[in-house]
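**Q** here are the coordinates; sequence isn't available:
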Ligand SMILES: Nc1ncnc2c1ncn2[C@@H]1O[C@H](COP(=O)(O)OS(=O)(=O)O)[C@@H](OP(=O)(O)O)[C@H]1O
Ligand SMILES: Nc1ncnc2c1ncn2[C@@H]1O[C@H](COP(=O)(O)OP(=O)(O)O)[C@@H](O)[C@H]1O
């Protein structure tokens, strides 16, 4: 019993010592073969040799709680990846832990290939410092520029420029100075204020732990000395207390606790707070620490449960903030966006956006420009491809509490998630709000949709016809309208060919223009249904994402997706307008079914087989469904 008590006291003492040593999170980046693994491996081994007992304690600790079997689960020590973990996304970043006398380190080791920018961004978003490796023989490469750009974008202001493989250039000072100077120029452009360049041979161990006799001309610190001594400026400015609510703990009627990790600032009982985005105020009743005990105060990075003196309706995703210094609330932003999806980012297409603990629907309304990460040039862009960075306007379908990323990483950084695959496809940083959500209101009108529908004696609905060119959308929609009209119903056809002569005459047939085409017509259809009409939309609408977006604008049962199912050979055989012939001849680019995709609906309410049935019979099926 006594022995047990002694052991736990020793663990507590270790943890305490552990806590008081500063923590430095850093990433390593560089091209493949620059020597990253050697550098990290060596740092781990050599520091382990020096402080074996401490690491043994950590080994034991993580083995009890970790999820990695016998290996140390370094991810246990991190909270920054919570969002990705909840998404079930495997990000190939190896987190390693090591410590020396005054500091402990978490290093995110990111693979160097270009396609792993996602990993690099994930690692950078929680790092204080980047170790940028450069091969002394090669100097700065595209990867060096790209990774430095991303590190800077994600808020890293300290770089350790590790000029590696100095042994292969005979420890030549001129080579080192040349690289240091050209990196200095790059760092200046990127706003990386603190660069420490160190000549190195990770393989030989030069300047790793101790100053090397091979570089007598170098007077600066060794790698480990620098990592141990570097003073990191606190990130951002003092924005006040922020708690993104992870979940609400309500075990019984008398207790409602808001649980989360404090993103910034400090809190204590009695503080006046505001719940965002609602703006309701209250006071902190209790601050409960992770172990369950009441605390007199808590601050950034601590996991806590708060109770308030008033019953406020606060749920997951809300932010509890200092009332004296609240966060802003908005739904339109200017933001930098790093695109990581295999499919390009298309303006207008809805994605999930996760900021803090909140997940909302969002789309890019405009790409202001793309940034060439090698040259910093701003280029015009209609879409963003894999690994491209753009400056964009973002629209969220509901207001969120936020902060500029430069002020607060936790409430200024976001990720975009594909709604179909659930993959993380973008990571970004909010710059500023384009308008305050509170300034644009819904105008109340007394006559509502139900009243308009009553006066027309019909149930307003939208039948959304989708299918290849020549599949039969217009022919069937036309018959439907004719019959409904004859029955005294109020209808309207929105046809691609027609709408493209007016409202959408600025749009062509690229993917991004088709997305915008459908977004606009879906909004118009919604207004028409609101006006009490039966609307027949006849657009190819080739992408699932946009049909899904259109559906989401309507109430349940209001939207009927009608897939006009006609094989390509049949539609092409009909070739009503001679367009297929032209497309095959190469004179119409991006023609649906030929060199532009059509994504077959997965959950259409009606599938019309135009090979087996007549237009009249199919029109009747639609009418029956519309009048149900
Ligand atoms: N490149 C290309 N691809 C597809 N279609 C083309 C193209 N160029 C012109 N057209 C004609 O435009 C009509 C399709 O417009 P939509 O607005 O329905 O297209 S989309 O929904 O934005 O994909 C379509 O009309 P329908 O045949 O009635 O479908 C064509 O007549
Ligand atoms: N069962 C059918 N349903 C609809 N159209 C058909 C059918 N069978 C043949 N067609 C013919 O196919 C062509 C479809 O053209 P259209 O309605 O303009 O298609 P879309 O609007 O989809 O481009 C018309 O000439 C129509 O007469």
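**A** Okay, I see it. For clarity, every value in this text was computed on a predicted model and none was experimentally measured. Numbering: from 1, shown residues only. Ligands and ions are numbered 1, 2, ... in the order given.

**Q** Might you name the residue of this protein sitting closest to ligand 2?
**A** Proximity of the chain to ligand 2 (Cβ to the nearest ligand atom) peaks at residue 472, 2.5 Å away. (Each C-beta comes from the backbone N, C-alpha and C, glycine too.)

**Q** Check what pLDDT that residue gets.
**A** pLDDT for residue 472: 97.

**Q** Does residue 446 fall in a helix, a strand, or a coil region?
**A** Three-state call for residue 446 (DSSP: H, G, I helix; E, B strand; the rest coil): coil.

**Q** Next, it: phi, psi?
**A** Backbone geometry at residue 446, expressed as degrees, to the nearest 10, gives phi -80, psi -40.

**Q** quick one: it and residue 532, what's the gap?
**A** For residue 446, the distance to residue 532 (Cβ to Cβ, to the nearest Å) stands at 15 Å.

**Q** So if I had to pick from those two, which one is more boxed in?
**A** The neighbour comparison of residue 446 against residue 532 (other Cβ atoms under 10 Å) goes to residue 532, with 21 against 5.

**Q** Confirm that the more buried one sits in a strand.
**A** No - the assignment for residue 532, made by three-state DSSP, is coil rather than a strand.

**Q** Now do the contacts for it.
**A** With contact set as Cβ atoms under 8 Å, 6 or more residues apart in numbering, residue 532 has these partners: 449, 452, 453, 455, 456, 458, 460, 490.

**Q** Now do the residue nearest to it when sequence neighbours are not counted: how many residues are near it, please.
**A** Nearest residue to residue 532 in three dimensions, chain neighbours excluded: residue 452, at 3.4 Å (Cβ to Cβ, 6 or more residues apart in numbering). Other residues lying near residue 452 total 17 when counted by other Cβ under 10 Å.

**Q** Residue 421 now?
**A** Around residue 421 there are 11 other residues, counting by other Cβ under 10 Å.

**Q** if I look at it, how far off is residue 484?
**A** Look at residue 421 and residue 484: by Cβ to Cβ, they are 39 Å apart.

**Q** same check, this time on residue 372
**A** Per Cβ to Cβ, residue 372 is found 54 Å from residue 484.

**Q** Between the two, point out the one with more neighbours.
**A** residue 484 (20 against 14).

**Q** which SS class is the more buried one?
**A** Under three-state DSSP, residue 484 comes out as helix.

**Q** That one: what's it in contact with?
**A** 491, 534, 623, 626.

**Q** For ChimeraX, write a command that selects the buried ones of those residues.
**A** The following ChimeraX line selects those of the contacts of residue 484 that are buried, judged by 16 or more other Cβ atoms under 10 Å:
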select :491,534,623,626
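
**Q** Okay, and which of the contacts of residue 484 map to strands?
**A** The strands, defined by DSSP state E, take in 491, 534 from the contacts of residue 484.

**Q** which of the contacts of residue 484 are close to ligand 1?
**A** The subset of these within reach of ligand 1, by Cβ under 6 Å from any ligand atom, is empty.

**Q** looking at the sheet around the residue most central in space within the chain, what are its partners?
**A** Closest residue to the average C-alpha location of the chain: residue 415 at 1.0 Å, with Cα atoms, centre = their mean. Beta-bridge pairing of residue 415 under DSSP bridges involves residue 354, residue 427.
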